[in-house]
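Enquirer: 3D model of this:
(2 chains)
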Amino acid sequence: MNIACVNESSVFTMIAKALACASAALLSACVTSTVDEMVYNKPALGIGDASVVILGRRHASDYETEPDFVTCVGDYIASGDKTITVISELDFLNELYPWFEPRTAPLHPADIERLLQQKPVADKMAALKVEYMIWLDGSTERIGGSGSMACSLGGCFGFGTWSHDANYEATIWDFTDKAEVGHVNTKATGQSYMPAVIVPIPIIAPVQGTACDGIGQQLLQFLSSGQQ
Amino acid sequence: MLLASCGPAHVVVQGNFPPPLIEPLPLTIGVWYSDAFSKHEFFDDAKSKTQSSWIVSTGVAQVQMWDALLAGMFAHIVHLQAQPTPGQAIAGVDAVLIPHVEELQYAIPAQTQVKVYEIWMRYRFELQSADGSPIAEWTMTGYGKTPTALLQSDQEAVNLAAVIALRDAGANFATNFTRLPAIQAWLQEKGVQAVAVTP
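Expert: Modelled structure (predicted):
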């Protein structure tokens, strides 16, 4: 573990204004994304044979952090550094049931201490070798749309467009120190189009995927920092 | 096919319910699932022509979830073969638990304009001692929601919300059982040391 508290605050602004929109337009539309990162106490020697768990926060009444987004970020980290063990969200929730359900999940790192006072929980955590717990909170929302399309036996004609906004925050908890060691925030927005001349051609902006890549990249850098 | 599409949307709730990670109480608990509980079904008639009727069958999943939960919470579980009557003594158990589903409500995006599917359930529990006298009676809720997702049908989403609601009910029961004053007093009487399981 890090003894000195290194306060590394960096702001990454990734403006991904698309790979040549003209050619990309055949398959996907443009997405603009921003990633802000603030981390402390990076693992100087990597995380060794310990593991990481990525969990979605599900406390808000009007949205849910999508389970497929949580899986996407986990896959990004696991595929980016094969030495990092990422425990799947569902496996972790099942192994630790009922302690990480929306009703019972710890809201602050200090709450972990109370959880570990229960022997079965402490034993399970030790067996899983959890070193970092990463909470993802946010969602991708469709915001408006316009255009019209008419379809008949002869085909479809018209044009439709809509946009998506993704806003996610990752909070990193150091399980050993029971402390919060960083935040990564990502915002992505993109406009999708659907022109139709006989056949509708969807040109979808991969907003959630871009947000996943943005947040996954920063988390991967944090977790792999000791190996660079 | 046209006829089938006019029927109510039917969801038979299916899911995996893990055992709880809890130190079991050294008690033998008898459990009675009434037909109303083990075959629990919720029916909601369509309010307008644009809505569809819904049948949500939770009975099988209820039994699966409560069996897994109670088996992890107590040293021994005995499934009673007949409904215990008030005052009836039951041999070989420390107490008898009788769960009831009192109410179920659901909401889908078509009704609420919010992009989540929701299920809410209210339970009532009766805990009777081995000699048939009441120990405690209480109510609690379970709530589950799931977001809309591409290529996910309403039925799949309602099923997922119901599974989350059942897990939530289990979490609520497991973490609050030993906090109920009447149950605390009964455990003290039995000389059972209950570990506080505050989440």
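
Enquirer: near chain A at all, stretch B:176-192?
Expert: No - figure legend: stretch B:176-192 not in contact with chain A (CB under 8 Å from any CB of the partner chain); closest approach 10.0 Å. All C-beta spots, glycine's among them, are computed from the backbone N, C-alpha and C.

Enquirer: Mind listing what's buried along that stretch?
Expert: The neighbour-count criterion (16 or more other CB atoms under 10 Å in any protein chain shown) identifies B:N176, B:F177, B:T178, B:L180, B:I183, B:W186, B:L187 as the buried residues of stretch B:176-192.

Enquirer: Any idea how far apart the tips of it sit?
Expert: 16 Å (CA to CA, to the nearest Å).

Enquirer: Repeat that for stretch B:79-87.
Expert: Start-to-end, stretch B:79-87 (CA to CA) is 18 Å.

Enquirer: Strands - which of the buried residues of stretch B:176-192 land there?
Expert: In strands, judged by DSSP state E, none of the buried residues of stretch B:176-192 are found.

Enquirer: how about the residues of chain A that lie near chain B?
Expert: A:58, A:62-64, A:66, A:68, A:94-99, A:101-106, A:114-115, A:118-121, A:124, A:139, A:141.

Enquirer: Filter these down to the buried ones.
Expert: Using 16+ other CB under 10 Å, the buried ones in those are A:58, A:63-64, A:66, A:94-99, A:101-106, A:115, A:118, A:120-121, A:124, A:139.

Enquirer: which residues of the chain fall in strands?
Expert: I'll assume chain A. A:7-10, A:31-40, A:51-56, A:85-87, A:130-152, A:155-174, A:179-200.

Enquirer: hm, I was asking about chain B
Expert: According to DSSP E, the strands that chain B contains are B:9-12, B:25-31, B:41-44, B:54-57, B:74-79, B:95-107, B:116-129, B:134-147.

Enquirer: just how off-centre is the fourth one within its chain?
Expert: So the one you mean is strand B:54-57. Chain-centre distance of strand B:54-57: 16 Å, with CA atoms, centre = their mean, to the nearest Å.

Enquirer: Pick out the most distant pair among the buried residues of stretch B:176-192.
Expert: By the measure CB to CB, B:N176 and B:W186 form the most distant pair in the buried residues of stretch B:176-192, at 14.8 Å.

Enquirer: where are the low-confidence patches of chain B?
Expert: B:1-6, B:150-151, B:195-199 (pLDDT under 70).

Enquirer: hmm, 90 instead?
Expert: B:1-9, B:43-54, B:82-90, B:106-117, B:132, B:146-155, B:192-199 (pLDDT under 90).

Enquirer: before we move on, the earlier item: looking at the strands of chain A, which one is packed in the most?
Expert: Of all these, strand A:51-56 has the most neighbours on average by mean count of other CB atoms under 10 Å in any protein chain shown, namely a mean of 23.

Enquirer: Tell me what angle that strand forms with strand A:155-174.
Expert: 130 degrees (axes from the mean of the first three to the mean of the last three CA atoms, to 10 degrees).

Enquirer: and strand A:51-56, what does it pack onto?
Expert: Strand A:51-56 sits against helix A:67-80, strand A:85-87, helix A:89-95, strand A:130-152, with contacts defined as 3 or more CB pairs under 8 Å, 6 or more residues apart in numbering or on different chains; DSSP states H and E.

Enquirer: same for the shortest one, what does it pack against?
Expert: In terms of contacts (3+ CB pairs under 8 Å, 6+ apart), strand A:85-87 is packed against strand A:51-56, helix A:67-80.

Enquirer: which stretch among the strands of chain B comes nearest chain A?
Expert: For chain A, the closest of these is strand B:134-147, at 4.0 Å, according to CB to the nearest CB.

Enquirer: in the closest one, what counts as buried?
Expert: So for strand B:134-147, counting by 16+ other CB under 10 Å, buried means B:I135, B:A136, B:M140, B:G142, B:Y143, B:G144, B:K145, B:T146, B:P147.

Enquirer: helices and strands around it, which ones?
Expert: In this structure, strand B:134-147 packs against strand B:116-129, helix B:154-176, helix B:181-190, with contacts taken as 3+ CB pairs under 8 Å, 6+ apart.

Enquirer: Return the most buried member of these.
Expert: helix B:154-176 (a mean of 22).

Enquirer: quick check: angle from that one to strand B:134-147?
Expert: Using the same axes, to 10 degrees: helix B:154-176 against strand B:134-147 is 140 degrees.

Enquirer: returning to that earlier point: with distance to A:G214 added, can I get the strands of chain B in JSON lines?
Expert: Putting the strands of chain B into JSON lines (distance: least, CB to CB, whole Å) gives the following:
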{"stretch": "strand B:9-12", "distance to A:G214": "36"}
{"stretch": "strand B:25-31", "distance to A:G214": "47"}
{"stretch": "strand B:41-44", "distance to A:G214": "42"}
{"stretch": "strand B:54-57", "distance to A:G214": "38"}
{"stretch": "strand B:74-79", "distance to A:G214": "47"}
{"stretch": "strand B:95-107", "distance to A:G214": "33"}
{"stretch": "strand B:116-129", "distance to A:G214": "25"}
{"stretch": "strand B:134-147", "distance to A:G214": "20"}
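
Enquirer: mind checking which of these is nearest A:Q217?
Expert: That would be strand B:134-147 among those, by CB to CB, at 24.1 Å.
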